[in-house]
Every structure is written in C-alpha cells, then in structure tokens.
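**Q** Provide a 3D model corresponding to the input given below.
(chains A and B)
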Amino acid sequence: MSGQTTSNSKPLITTFSYAAEEVIKTLFKTFMSPMGIVAGAIVVLGLFLTFLRFTGGLGAVTNLSDYNAWGIWIGFDLLTGVALAAGGVVTSAAVYIFGMKKYHFAVRPAILTGFLGYALVVLALVYDVGRPDRLILGYPFVVSQGTTSVLFEVGLCVMLYLTVLFVEFCPAALEWLGLKKARYLIIKLTLVLTIFGVILSTLHQSSLGALFLLAHSKLHPLWYSSYLPVFFFVSAVFAGLSMVIFESTLSHRHFAHQMGEEHLKGREDLAFGFGKAAALVLAGYFAIKIVGITADHNWDLLGTSYGAWFLVELLGFVALPCFLYSIGVRDRNLKIIQWAAGWTVFGVMLNRLNISVIAFNYHLPSADRYFPNWMEIGISLFIVTVGILAFKVIGTLMPIFYEHTEFKDLH
Amino acid sequence: MNLSRRKFLGWMSAAGVGTVMGKKAYAASDRHLRENPDSKGVLFDSVLCIGCRKCEEACNKVNELPPPEQPFDDETVLDHKRRTTPDAYTVVNRYDDSGSAKGPLFRKIQCNHCMEPACASSCFVKAYKKTMTGAVTYDASVCVGCRYCMIACPFEIPTYTYDSALNPTIMKCTMCHPRVIEGKLPGCVESCPKEALTFGKRTDLIKIARERIRKNPGLYVDHIYGEHEMGGTSWLYLSGVPFKDLGMREDLGIKPAVEMTKGALNAVPIVVGLWPVLLTGIYAISQRKDKISKKEQEDAVQAALAKATEEAEAKLSKALTDAETKKKVAIEAAVKKALEEVADSQTEEGS
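**A** The predicted model follows:
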C-alpha cells in the first residue's frame, strides 16, 4: 500500500508534504463521483452558512431565542454526536480490556469513527457558543473554573477524551507515514489509553444527561428523572454498539476492496456479537426506564399526548430494536441485525432531541417554542458531511480496514 | 502479553493518578452558600402595583439601554405578555383577573437574585457571583456564551444578544449592584410612585411582608413568594391572588438548583477512583482466563502424549514378551527335537 513508499530515513517535512499531496488527491477523487458532487454542494452551502454565522451572529442563522437557548446544534450535534461516538470506547474496551481478541480488526474503524465524531462535536460547538475564540483558546476555562457546573466536567472530559482518541488513532496515521518509532511508543500505551477512555466516557456520557438535572421545571416529567445520568450512560453503550454495526455495514459497501481477510471473515461475527450485547443493554435500559417512571409516579402521564410520544420512543425505539436484535442473533440473520442497528441509532437521536428540544420547554405556549431554522439544519448537515469525507479519505489512505504489511502481528 | 504484578500496579496508578491530576476535586465544590444576614433584597407588592411602568423607564435609564419601540407611557404595551429581553432587564405584565373581581393585576418581572442561583451553579467559567449585597452579578469578560445559565434559570430571566457577531453577552438585571454599593437605591425601587417596591435587608423584608399579610386579612394570599422557592430569592413577592394567576410558577419546589446536580457531581471522584481498579481487574481476569485455558490445553496435550507413550511401551513390552515366549517355545522345541534326534541315533547305533 501507499505506506511502503516512504521510510524513516526521509526528513519529516518530506513526509508531511507527501501526506498533504495524498490527501488532496484522494479528496479530489472522492468529489469526482455522483455522491461526491452532492457532498461538494453541501460543503459549498456549509461554507456560505459559516460565513453568515460568523459575520451576522447566532441570530442570523438560528431560531434560538431567550426562551430557547439550545437548539439542534446541542440536541443533535453535541448530545447525539457524543452518544454515537461511543462506538470507539465500546470496541476498544471489548478487545483490550475484556479480551475479545477476535474483534481486533474492528478497533481501528471504531476509533476513527469515535475520533471524528468528537472532533465534529467540538466543531459544532465552535458554531454554537457565542464566543468560540474563548472556547478554542480555553483561557477562561483555566483561570476561572466553575467547578460546581456539570458543564465544567463535560468540557474537561470531552477535551481529554478527544486527546485520548487522537492518540489512539495515531498508530494508523504513523504506519501510513512510516514513522515506526513513534508508532511503537503509542502501541505500548494501548491499555492505559483504553482505561482512560472508559473512565472519561463514563463521566461525560452520564454528565450530558446530568446537564438537564437543573431544568426540572422545563423538561417534561416523563423525560426528567434523577436517573438521567444513568439513562444517558446506558443508552450511550447501546448507541455505540449499534453505531459500530451500522458503520461496519456502510464501510463494507465502500471499502470492501480494501478490507483485510480478518476483517471480511470477522464482519458477521462482529455483527452478531455486538448485536447480542446491544439486545441485552437495550433490555436493561428498558427496565431502568420503567423504574424511572415508577420512581417519579408518572404512570398517569402516559395517557397524555406527551405520554403517547414517550411510548413511541420507549416501545418503538427501545423495545422494538431489542426484540429485532434478539431475533437476528437467534436466526443468524445479518439483515435484521443491520436494520436493528440503524433503528437504534435513530432512536438514540430521537431520545436526545426529545430531552433537549421536543419535550424541553413543554410548558411554554407554542408561539414561544423552538423549531430549527433551515440554516441550522444546513450547518448540521455540513458538519456530518465533513465527517463522512474525512472518514472516506482516511479510510482510503491509512491502514484502517487492513493490517499494514510492515506492521503485521506487531501488537 | 503477560501481566506481572509490577505492570499491573504501574498501569493502575498511571490511569488513576493521571485522571485525578487532570481535574480538581469535585467533592469540595458543592459548597452550600449561607445567607449573608446583611444581604439586601426587594419586596414587590402586587396589590399596590398600578402598572405605570415607571420602573421600566428608570431601569432603562440607569442601565443605559436602548430606547423602547413604544414609549413607556403607552399602555397598549400591556396588552401582550412580555418577558425580559437584552433591551429590557425588567418588564411589567398585566394579568386580567379571572374570578375574584380585584381589577387588573400587575407583576414586575426581573432577575430574582436567588440565594443559591441556578445560573451560578450552571456556569462552567464562574461568570456569575452572588455578591455580599445580595445581587447576582455576571462577568461578561469570561463568558464563553454556552447559554447553559439560560437553560438552568427556573425564572427564565437571562437573555442573550444573539445578533452580536463578535461579542454577544448575557443581559440581565444586576439589582443595580453598582448603585447599591454607592448607597443609592436600585433604579426601579427609586422610581416607584406607589411604594409597591421596598428595598432593604432581606430578613427585614420578610418581617414587613408578614406584617402586611397579618394586618390586612383577606387582602393577601398567605404566602411570600421567594422566601423558599428554589432555596429562596432576594426578590420577594406579595399577591392578592394565587401566584399562578400572576404567571408565576408554583411547582418549582424549595430545593436550590445546586442540590439537583450534587449527586451526579459527587459520583465523579468515585468513578475516577474505582474504574481503574475495576477495569484493570477485568483485564487481569481475562488475561488469566487466557493463560489458564492455554495451560489446560498444554496439559491435555501432554497427558495425551504421555498416555500414547505408555500405551506404546506396553505394546512393545507385550510384543517383546510374546517374542520371548515364542523364542523359548522354539528353543524348547529345538532342544526337544535335538534330544529326540540324539535318542534316535543312539537307538540306530544299538541295533
């Protein structure tokens, strides 16, 4: 593969100019396809909206108001993005901590998805916060620490975990660039990084739910619960598991020619193994959601219109995919597993949007409620597209779906 | 990969120490703000308010806010329910009386300056501060603009200058903190012609409010809104009708916001402390399982091998014995034959 053409003897600057050239070439090739043209159009639109956002302020492109301070950039890009990016931690924990070595081939794609996911979350926050310069420089965060804030913890954990994911992703990039020594150093850190990743993920996945503990008067009681942090953490686990299956399904369509033997052989095993785990976690989640309703004496609210919507989420997007996964595992039916994965991913998005937007401010008259501006959706779409393009370029150039010939069996 | 004791301890402490060093101790951070006995507040008596909006005008003036679209003496403004905006830290709304025929009712809305403010406990850069005077102030110079305070505030007070591209900020009532320090009254209190607003020590205001309720039976609802709501607020309210008829929420409870996230934040150091142990333990177990199964496999192979050798040996020795017996028999037979031959030849010789 391309990694073989460079070697350690070349100066770094040559290595990097080579890397830049390859990236541009691949990007160009990617745009030269029907889907690539659509992606290109979204990118152009996104850049235009970016210009509007940073010259006209949040008011120019969003429907945010004094009542509705958070919109889909928080509900979708941040909350859903972080939940779905849990695939990285779930897979690396399964392989490196729980010792399920047969899924080793799935670690790199999952870490890459996770890393890009978190990077895009931070990118989305650059659009969402009023003073992105302070977010990027991080200075008030250091000199004026608001440790009573759940958001402080979220910010710190996300920042640290993004770093962990970057380091975990590095071996693939270093193999591509032929930088053996640096790669060897990082590989040695694998277990520590994985443990770090699980700690940080436990903390910030649950804290994203804890953010809403303050808003007991604004979030509908069916969604508000003192168990919110637990709900967020547990749902992040099945979101991550499902996202790995979902990503593997899509990757097989686009990268099959690049996939190593191990990957092609283990693909189905992965789907059934992770599907089984997802079914179990979904069942547990269903149970604790019932505990949540009971603990807050909210059974009567199920009869209201919000209750009906709550049941759609709970039965349609928790119970149903749990059932589908179980059937799929029992019958060894890959198609059902893949559908269940997609369905679960959508369900997690629905849950996060319910909590942050749909069931939030339920007490306000409809005139004061929030509905996203098309430009907000446009920027979210742009950010997702940037992620897919980055995945495509990195997956094409670097040893993500196969083992680099020079580094086989070195880990 | 083999897990030695040294490695195990090394990794465990690396993960544990590393994570702890990255952050401050949270357990110490959920401090309980005690009421400063001298902290000031304002009592708003809705029974006395006539909706003249003089307070809005004064607020606009002292805070140097942009002039309103409709002048302050235009009463048609009251036909719509309004909320605080970046251009108006306080607004007065009219609530048309439904049943008790007490005429139109008015309520002034502004920051309630909570005793334990939700905005302050939500802010990750400590931009909010509950000052000694009682005012909750906001420092725009550290604000990142996450707007979590707006999510947190149960009274929906903070507003944001969404239209500013470069320097948007939160805008809200300061309880005229700069004026109070100078010994002046807050703008709104000073301008009220009906004494519907009273500025003073919060503890005194509660006494005054109780006195009014006691002295005027039937005129007031027996409740001081803000005495306990959300842990208490520096602004206090009296009303002749249930507070929900003035658009005020009666379901907020008396627990300050900071209490609601306390449990979740307290769990943080526990996770940081226990997860490395748990995870390294799981790792060690899975490694040991692999090791044991590998050993079992080896043992089985060895046993099978030993068994095979034994069997082969037995077979060999049996074969050897057999061969020996055969040989013996053959020798015996040969000896017998030889003896017979000898005997025969002797008989032949004798005859």
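
**Q** dump the residue contacts of the residue in chain A that chain B sits nearest to.
**A** Closest contact between chain A and chain B, by CB to the nearest CB, is at residue A:130 (2.2 Å). Every C-beta, even on glycine, is put in place using the N, C-alpha and C of the backbone. Applying CB atoms under 8 Å, 6 or more residues apart in numbering or on different chains to residue A:130 gives the contacts A:58, B:143-147, B:160, B:164, B:168-169.

**Q** from residue B:159, how far out is it?
**A** 12 Å (CB to CB, to the nearest Å).

**Q** cool, residue A:104 as well?
**A** Distance of residue A:104 to residue B:159, computed by CB to CB: 53 Å.

**Q** those two: which has the busier surroundings?
**A** For residue A:104 versus residue B:159, neighbours defined as other CB atoms under 10 Å in any protein chain shown are more numerous around residue B:159 (22 against 17).

**Q** just list whatever residues bridge to the more buried one.
**A** residue B:171 (DSSP bridges).

**Q** which pLDDT value goes with the residue of the stretch 101-250 of chain B found nearest chain A?
**A** Closest contact between the stretch 101-250 of chain B and chain A, by CB to the nearest CB, is at residue B:145 (2.2 Å). Predicted confidence (pLDDT) for residue B:145: 95.

**Q** now the closest residue to it other than its chain neighbours: phi and psi?
**A** Nearest residue to residue B:145, sequence neighbours excluded (CB to CB, 6 or more residues apart in numbering or on different chains): residue A:130, at 2.2 Å. In this entry, residue A:130 is assigned phi and psi values of phi -70, psi -30 (degrees, to the nearest 10).

**Q** also residue A:129?
**A** Here is the backbone geometry of residue A:129 (degrees, to the nearest 10): phi -80, psi 150.

**Q** isn't it right up against residue B:146?
**A** Yes. Using CB atoms under 8 Å, residue A:129 makes contact with residue B:146 at a distance of 5.4 Å.

**Q** next one: the residue nearest to residue B:145 from residue B:288, what distance?
**A** 53 Å.

**Q** with residue A:19 instead?
**A** 42 Å.

**Q** so those two - more neighbours on which side?
**A** residue A:19 (17 against 12).

**Q** can whatever helix or strand residue A:35 lives in be said to contact chain B?
**A** Using DSSP states H and E, residue A:35 maps to helix A:34-56. Yes. Using CB under 8 Å from any CB of the partner chain, helix A:34-56 comes into contact with chain B via A:54-56.

**Q** thought residue A:53 was touching residue A:60?
**A** Yes. Taking contacts as CB under 8 Å, residue A:53 lies within contact range of residue A:60: 6.7 Å.

**Q** need the strands for the stretch 151-300 of chain B, in chain order.
**A** B:159-160, B:170-171, B:197-201, B:235-238 (DSSP state E, counting those that start in this stretch).

**Q** what does the model give the closest residue in space to residue B:289 that isn't next to it in sequence for pLDDT?
**A** Spatial nearest neighbour of residue B:289, chain neighbours left out: residue A:99 (7.1 Å); criterion: CB to CB, 6+ apart. Here, the pLDDT recorded for residue A:99 equals 91.

**Q** likewise for the one 4 residues further on?
**A** In this model, residue A:103 is scored at 93, pLDDT.

**Q** any idea which helix is longest in the chain?
**A** All of this is about chain A. helix A:261-295 (DSSP state H).

**Q** let's do chain B instead
**A** helix B:257-350.

**Q** distance from the chain centre to that one, please.
**A** 59 Å (CA atoms, centre = their mean, to the nearest Å).

**Q** my guess is residue A:222 contacts residue A:358, does it?
**A** No. The pair residue A:222 / residue A:358 is not scored as a contact, 11.3 Å apart, by CB under 8 Å.

**Q** so those two - more neighbours on which side?
**A** In this view residue A:222 and residue A:358 are compared by other CB under 10 Å, and residue A:222 has more residues nearby, 24 against 20.

**Q** can you pull the contacts of the more buried one?
**A** A:293, A:298, A:301-302, A:306-307, A:310, A:359.

**Q** wait, is it part of a helix?
**A** No. Applying DSSP: H, G, I helix; E, B strand; the rest coil, one finds residue A:222 to be coil, outside a helix.

**Q** excluding residues flanking it in the chain, which one is nearest it?
**A** Leaving out its chain neighbours, the residue that sits closest to residue A:222 by CB to CB, 6+ apart is residue A:310, at 4.5 Å.

**Q** in which helix or strand would I find that neighbour?
**A** Assigned by DSSP H and E, residue A:310 falls in helix A:305-311.

**Q** now do that helix, average pLDDT.
**A** 96.

**Q** do the helix or strand harbouring residue B:106 and chain A meet?
**A** For residue B:106, the element it lies in under DSSP H and E is strand B:105-109. No. With CB under 8 Å from any CB as the criterion, chain A is not reached by strand B:105-109; the gap is at least 12.0 Å.
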